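*Asks:* Just to be clear, the model below is a prediction. Sequence and coordinates:
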Amino acid sequence: MRIAWSIGFILIGLLLLSYPQIEKKVSDAKQEKLIEAFEQLGNLSEQLEAMPTTTVDPIPPAPEQLTILDGARGVIRIPKIDLQMMIFEGSTETSLSKGVGMIEPKKQFGINNVGLAGHRAIAYGKQFNRLDELAPDDEIEIKTKTDTYEFVVVETFVVNRTEVEVLSDSKEPLLTLVTCTPIGSKDPVDRLIVQAKLKPKS
């Protein structure tokens with residue numbers, strides 16, 4: 001009986017240890033599916049624009065693809081921290097449960113100071129968990145349906161959650177990443193900010 005209990009405790013321990021990795025794999029697979037659907041939708045838009053009116057209509061995307069992409073604005077990629085996630089309109093729990101949230105959806109990449117919010121949790125690799133690893137000159141890519149924007153990190157700092165001035169527009173286009181800090185804290189009052197400027201197109 002004791003052996004059975006011991007084996008049971010060992011199995012539970014192994015499951016608890018492997019849970020973060022399993023959760024990350026599930027989350028990554030979900031993001032890959034979203035990004036693939038988003039890019040297919042973008043390719044379809046390009047085909048429609050380039051297509052003469054006499055040609056046969058392309059096959060439209062499946063309804064389930066359109067549903068999961070409701071409110072999708074683009075894809076964010078940060079190579080240094082191995083991040084690739086969909087961007088959705090708004091910073092509600094619904095948006096943040098699917099990916100990264102665009103705080104002010106009316107703003108435009110490459111023109112305004114666009115704020116993106118993401119969750120942090122103890123599980124390694126969860127959305128903006130590794131945001132604190134970014135430093136000046138690190139690169140961030142934003143891909144929308146119509147264009148690709150490259151940003152370069154200029155500074156990282158911490159502010160109180162009431163200091164929303166970090167999202168104000170400036171003379172140049174900016175990207176402002178926002179997440180809670182410290183990681184794992186319940187209802188933290190501070191926000192970790194990573195601000196990046198638009199890289200001129202060569």
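*Replies:* Happy to help now that I have it. Numbers count the residues shown, from 1 in each chain.
*Asks:* What segments of the protein are helices?
*Replies:* 2-50, 63-68, 93-98 (DSSP state H).
*Asks:* Partner strands of the biggest strand by length in the chain and their direction?
*Replies:* When the chain is parsed with DSSP state E, its longest strand is strand 148-160. If you go by DSSP bridges, strand 148-160 pairs up with strand 139-143 (antiparallel), strand 190-198 (antiparallel).
*Asks:* quick one: buried residues of the shortest one?
*Replies:* With burial defined by 16 or more other Cβ atoms under 10 Å, the residues of strand 139-143 counted as buried are Ile140, Glu141, Ile142, Lys143. Any C-beta I mention is one placed from the backbone N, CA and C, and that applies to glycine too.
*Asks:* And the residue lying closest to Ile140 once chain neighbours are set aside, how close does it get to Pro200?
*Replies:* Leaving aside its sequence neighbours, Ile140 sits nearest to Phe151 (Cβ to Cβ, 6 or more residues apart in numbering; 4.5 Å). According to Cβ to Cβ, to the nearest Å, Phe151 stands 11 Å off from Pro200.
*Asks:* Then Glu163?
*Replies:* The gap separating Glu163 from Pro200 is 29 Å, by Cβ to Cβ.
*Asks:* Likewise for Ser95?
*Replies:* For Ser95, the distance to Pro200 (Cβ to Cβ) stands at 30 Å.
*Asks:* the more surrounded of those two?
*Replies:* Taking other Cβ atoms under 10 Å, Ser95 and Pro200 do not tie; Ser95 has more neighbours (22 against 7).
*Asks:* Identify the residues contacting the more buried one.
*Replies:* The neighbourhood of Ser95, defined by Cβ atoms under 8 Å, 6 or more residues apart in numbering, consists of Gly71, Phe88, Glu89, Gly101, Met102.
*Asks:* Mind doing that once more with 10 Å?
*Replies:* Applying Cβ atoms under 10 Å, 6 or more residues apart in numbering, we find Ser95 in contact with Gly71, Ala72, Arg73, Met86, Ile87, Phe88, Glu89, Gly101, Met102, Ile103, Pro105, Ala117.
*Asks:* What pLDDT does the model give the first one?
*Replies:* It stands for Gly71. Looking at Gly71, its pLDDT stands at 81.
*Asks:* surely it meets Glu89?
*Replies:* Yes: taking contacts as Cβ atoms under 10 Å, Gly71 lies within contact range of Glu89: 4.2 Å.
*Asks:* joint contacts of the two?
*Replies:* Common neighbours of Gly71 and Glu89 (criterion: Cβ under 10 Å, 6+ apart): Ser95, Gly101, Met102, Pro105.
*Asks:* Who is the third one paired with across the strands?
*Replies:* To tie it back to what came earlier, the one meant is Met102. Going by DSSP bridges, Met102 is paired in beta bridges with Glu89, Leu116.
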